[in-house]
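Visitor: give me the fold of what follows.
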Amino acid sequence: MVEKIVVGYDGSASSKRALAFAADKAKTSGATLVVAHVLEWSPYSFLTPTELEERHKRRTEELKRAEEAVITPALTALDTSGLTVESEMKYGHIAETLCKIATDHSATQIVIGRQGQSGMSSRLFGSTAGTLAQMAPAPVTIVP
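Guide: Numbers count the residues shown, from 1 in each chain. Below is the predicted model:
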């Protein structure tokens with residue numbers, strides 16, 4: 001069975017460090033790297049059919065922009081690495097969606113960068129890293 005490492009990636013400096021860490025780990029272990037980008041999106045059940053159609057259109061446009069601006073540059077940077085690389089782009093709650101991606105890929109590890117949230121914001125709402133570490137189906141590495 002080939003190991004898979006899921007790395008949460010959003011193009012930020014911390015996610016670039018996480019991607020570099022995950023790529024190094026994948027090289028030494030022979031694992032497949034899954035570059036995952038999650039766009040937060042809350043469902044609205046009270047929209048009219050017209051509003052839902054417009055929202056779906058915006059969602060499709062955002063996915064295309066994210067692929068061009070975030071995923072494609074990351075995959076291009078990994079082209080010469082010799083790694084087997086896959087990618088996933090999904091909408092949803094970031095920690096929950098990364099867990100779903102990890103489960104779907106039978107990931108052996110999840111790697112994410114640590115984002116600098118303010119102390120108050122983190123205490124009130126929780127951090128993605130903290131939430132992911134508590135609910136993940138595989139070990140989580142948080143790269144500073």
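Visitor: where does the protein have low pLDDT?
Guide: 1, 41-47, 116-126 (pLDDT under 70).
Visitor: for it, which segments count as helices?
Guide: 13-29, 49-66, 72-78, 94-104, 119-125, 128-135 (DSSP state H).
Visitor: let me see the contact set for residue 133.
Guide: 140, 142 (CB atoms under 8 Å, 6 or more residues apart in numbering). Every residue, glycine included, has its C-beta placed from N, CA and C.
Visitor: what sits against the nearest residue to residue 16 once chain neighbours are set aside?
Guide: Excluding the flanking residues, the one nearest residue 16 by CB to CB, 6 or more residues apart in numbering is residue 113, at 7.5 Å. Contacts for residue 113 (CB under 8 Å, 6+ apart) come out as 8, 12, 13, 14, 15, 16, 17, 18, 142, 143, 144.
Visitor: next one: residue 113 from residue 32, what distance?
Guide: Noted for residue 113: a distance of 20 Å to residue 32, by CB to CB, to the nearest Å.
Visitor: considering the contacts of residue 113, which possesses the most neighbours?
Guide: Sorting these by how many neighbours each has (other CB atoms under 10 Å) puts residue 8 first, at 28 neighbours.
Visitor: bridged to that one, which residues?
Guide: residue 36 (DSSP bridges).
Visitor: does it touch residue 109 like I think?
Guide: No: checked against CB atoms under 8 Å, the pair residue 8 and residue 109 is beyond contact range at 11.7 Å.
Visitor: and for residue 64, the neighbour number?
Guide: Neighbours around residue 64, by other CB under 10 Å: 11.
Visitor: residue 72 versus that one, what's the distance?
Guide: Relative to residue 72, and taking CB to CB, residue 64 is found at 11 Å.
Visitor: over to residue 94?
Guide: Distance from residue 94 to residue 72, by CB to CB: 20 Å.
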